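Build the 3D model from these lines:
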Amino acid sequence: MRRNRCAKVVATLGPASSSPEKIKELYMAGADVFRLNFSHGTYEDHKARFDAIRALEAEVGRPIGILQDLQGPKIRIGTLQGGKRTITAGDTVTFALGETAGETEIPLPHPEIFEAIAIGHYLLIDDGRLKLRVTSCLAEKIEAEVIYGGPLSDHKGVNLPDTVVNLSPLTKKDRADLDYGLSLGVDWVALSFVQRPGDMLEARELVGDKAGLMAKIEKPTALDNIDDIIRLSDAIMVARGDLGVEIPSEDVPGRQKELVKKCRLAGKPVLVATQMLDSMTKAPAPTRAEASDVATAIYDGADAVMLSAESAAGDYPVEAVSFMDRMIARTEGDKAYRSIITALEPSVEPTVQHAVSAAASSVAAMIGAKAILAYTMSGSTGSRIARMRPEVPIIVASPDLNIVRRMVLLWGAHPIQHEEISSFREMVERARNHVVDEGFCERNDRAVVVAGVPFGVRGSTNNLRVIEV
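Below you'll find the predicted structure:
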């Protein structure tokens, strides 16, 4: 099975999509990678979904990616006296350190906030519905003026767009969840609420090379450090939900384009997420604005787009995936798409590996090749080729099944597993078989093959060959 599109679809599993039958329906409708959201569900739930995906993978004979999304540190208010209250614009309210507080106070059980916050900083509560500005801050008390008021109830989330909180992105729960996910064998781990490059280093020590490490960009401080965060990550998620709370909504589209561009230049996969087809949680068809939103991400050059509640808890999970699949294919087939996607020309680093990978795209276009086949140990050769956004499919072949599954997320990639190669002649013969067996070439068609000699050595990409079937 091959997809007739380059960008990939990530579907979140949940109560509406957990049975093996439903997971298969989602895959057949177009899902390439499945997201396990560890903010919800039990380990038993996630293992059942994981096992169903791997069983489906064996059934269809194609690699399927699995993304573990860690919850991260959730900042919430404590328990209000009476369970709820209303705050009014223009009033001054007091936040008190602790899980509970006095009748007129709002409890905030996070001492690290009291240590870091400053006068003039904003607090956004309940996804930004309530907005307050700090006017005074002491060791255990914060006073703030209410800018936007409204009803407030227990344990609502708090966003701090101006404050760099000394808080690890890996809570005790996250560390336990990560251990469990890695023991299952997830292909990607998404780290929530990244603020600094050090957050990625902390996570890398735990993940190592067992899975790809994805940074979720949802904090203004992450945007301030984005170049280093991209460098230390294997992929980036543009998590527009919390990002759209912490920065002005009108800034999100521009930031999305900036992040997609930076990731493409760096050769790192980038995933655009949150509320892409939100209305499809309750409706069988999206709004025109949502269709345009998906198309914009594809025109920008995103490697993948993601469904959250639409596929996890919505009434029409299969329809949402199916629409996403069609929307991507239609956008990539638009006559304007190719000129837009190639307008950005990534610079080629002066190394043999980058030069050979970049040349593959140019050679394929000049000779009318039907495919590019990249032999890779780590997946980096496939990523280097994908950043050039060639007009033909990229078959990424690796002996390491973990790398094959990880590369499912990559733009234009059709990953396959192969046995290790020991000679140049064997490489050419297998390449001919692969391009035919995978349905990309017929008799007399040409393909471009990229490999490294000596074979089986990481980072040795130094050979480009044109083969004819």
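
Model confidence for the closest residue in space to residue 257 that isn't next to it in sequence, exactly?
Leaving aside its chain neighbours, residue 257 sits nearest to residue 300 (5.4 Å; criterion: C-beta to C-beta, 6 or more residues apart in numbering). The way it works is simple: take the backbone N, C-alpha and C, and place the C-beta from them, glycine included. Looking at residue 300, its pLDDT reads 95.

count of neighbours near residue 300?
Counted with other C-beta atoms under 10 Å, the neighbours of residue 300 add up to 22.

Start the count at 42 instead of 1 going forward.
Sure, I'll start numbering at 42, so the last one becomes residue 341.

any idea how far residue 48 is from it?
The span separating residue 341 from residue 48 equals 10 Å under the rule C-beta to C-beta, to the nearest Å.

between these two, what contacts are shared?
Shared contacts of residue 341 and residue 48 (C-beta atoms under 8 Å, 6 or more residues apart in numbering): none.

I figured the residue nearest to residue 298 was touching residue 300, is that so?
No - assessed by C-beta atoms under 8 Å, residue 341 is found out of contact with residue 300, at 9.1 Å.

so who does residue 321 touch?
With C-beta under 8 Å, 6+ apart, residue 321 has these contacts: 327, 331, 351, 355, 357, 360-361, 364.

The stretch 142-291 of the chain: strands as residue ranges?
Under the criterion DSSP state E, counting those that start in this stretch, the stretch 142-291 of the chain contains strands at 146-149, 163-166, 171-178, 182-189, 191-194, 199-200, 229-232, 253-258, 276-280.

Residue 77 is nearest to which of the ones you listed?
Closest approach to residue 77 among those (C-beta to C-beta): strand 229-232, 9.9 Å.

in terms of contact, does residue 104 touch residue 454 like I think?
No - in this structure residue 104 lies outside contact range of residue 454 using C-beta under 8 Å: 10.1 Å.

which regions of the stretch 392-510 of the chain sit below the pLDDT cut-off?
By pLDDT under 70, the low-scoring segments of the stretch 392-510 of the chain are 495, 497-498, 500-501.

next one: the chain
For the chain, the stretches flagged by pLDDT under 70 are 495, 497-498, 500-501.

Can you give me the domain boundaries for it?
Listed by automatic domain parsing, the domain ranges of the chain are 49-113+210-375, 125-200, 393-509.

Would you format these as TSV with distance to residue 42 included?
Formatted as TSV, the domains of the chain follow (distance: least, C-beta to C-beta, whole Å):
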stretch	distance to residue 42
domain 49-113+210-375	5
domain 125-200	39
domain 393-509	9
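
got the contact list for the nearest residue to residue 179 once chain neighbours are set aside?
Ranked by C-beta to C-beta, 6+ apart and with sequence neighbours excluded, the top spatial neighbour of residue 179 is residue 155, at 7.8 Å. Residues near residue 155 by C-beta under 8 Å, 6+ apart: 138, 149, 178-181, 183.

Of those, grab the buried ones for ChimeraX.
For the buried members of these, the matching ChimeraX selection, counting by 16 or more other C-beta atoms under 10 Å, is:
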select :138,149,178,183
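
closest to residue 441 among the contacts of residue 155?
The closest of the contacts of residue 155 to residue 441 turns out to be residue 149 (C-beta to C-beta; 46.9 Å).

ok, now how distant is the closest one from residue 162?
As judged by C-beta to C-beta, residue 149 and residue 162 stand 13 Å apart.

Where does residue 317 sit: helix, strand or coil?
At residue 317 the chain is in coil, as set by DSSP: H, G, I helix; E, B strand; the rest coil.

Give the closest residue to residue 503 in space, chain neighbours not counted.
Distances taken as C-beta to C-beta, 6+ apart place residue 393 nearest to residue 503, at 5.0 Å, with adjacent residues excluded.

try residue 494
Nearest residue to residue 494 in three dimensions, chain neighbours excluded: residue 504, at 5.3 Å (C-beta to C-beta, 6+ apart).

Regarding that neighbour, what is its secondary structure?
For residue 504, the assignment made with three-state DSSP gives strand.

tally of neighbours for it?
Around residue 504 there are 16 residues (other C-beta under 10 Å).

residues touching it, list them.
Applying C-beta under 8 Å, 6+ apart, the residues near residue 504 are 397, 491-494.

let's go with 10 Å and repeat that
Listed by C-beta atoms under 10 Å, 6 or more residues apart in numbering, the contact set of residue 504 reads 393, 397, 416, 465, 468, 490-494, 496.

Which neighbours do residue 341 and residue 300 have in common?
279, 311, 313.

What subset of those residues is buried?
Listed as buried from the shared contacts of residue 341 and residue 300 are 279, 311, 313; burial here means 16+ other C-beta under 10 Å.

The closest residue to residue 73 other than its chain neighbours and residue 227, how far apart?
Nearest-residue entry for residue 73: residue 49, 4.2 Å, with adjacent residues in sequence omitted and distances by C-beta to C-beta, 6+ apart. Distance, residue 49 to residue 227, by C-beta to C-beta: 17 Å.

Look up how far residue 206 lies from the closest residue to residue 216 other than its chain neighbours.
Once flanking residues are discounted, residue 216 sits nearest to residue 247: 7.1 Å by C-beta to C-beta, 6+ apart. Applying C-beta to C-beta, the value for residue 247 to residue 206 is 21 Å.

So for those two, which residue has more residues nearby?
residue 206 (18 against 15).

Who's the closest spatial neighbour of residue 432, skipping the chain neighbours?
residue 406 is the one closest to residue 432 (C-beta to C-beta, 6+ apart), at 5.9 Å.

Pull the contacting residues for the residue sitting furthest away from the middle of the chain.
Computed with C-alpha atoms, centre = their mean, the residue of the chain farthest from its C-alpha average is residue 144, at 42.4 Å. Contact analysis of residue 144 by C-beta under 10 Å, 6+ apart lists 121-123, 126.

Show me the residues you listed that map onto strands.
Members of those lying in strands (criterion: DSSP state E): residue 126.

Hmm, residue 408 is touching residue 506, no?
No - using C-beta atoms under 10 Å, residue 408 is not in contact with residue 506, being 12.0 Å away.

Looking at the two, which is more packed in?
The neighbour count for residue 408 versus residue 506, taken as other C-beta under 10 Å, is higher for residue 506 (16 against 12).

Isn't that one up against residue 465?
Yes - assessed by C-beta under 10 Å, residue 506 is found in contact with residue 465 at 8.6 Å.

Spit out the residues that contact these two alike.
In terms of C-beta under 10 Å, 6+ apart, residue 506 and residue 465 are both contacted by the residues residue 492.

got the buried residues for stretch 63-70?
For stretch 63-70, the neighbour count (16+ other C-beta under 10 Å) marks 63-68, 70 as buried.

Turn the residues you listed into a markdown table, columns for secondary structure.
Below are these laid out as a markdown table (three-state DSSP):
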| residue | secondary structure |
| --- | --- |
| 63 | helix |
| 64 | helix |
| 65 | helix |
| 66 | helix |
| 67 | helix |
| 68 | helix |
| 70 | helix |
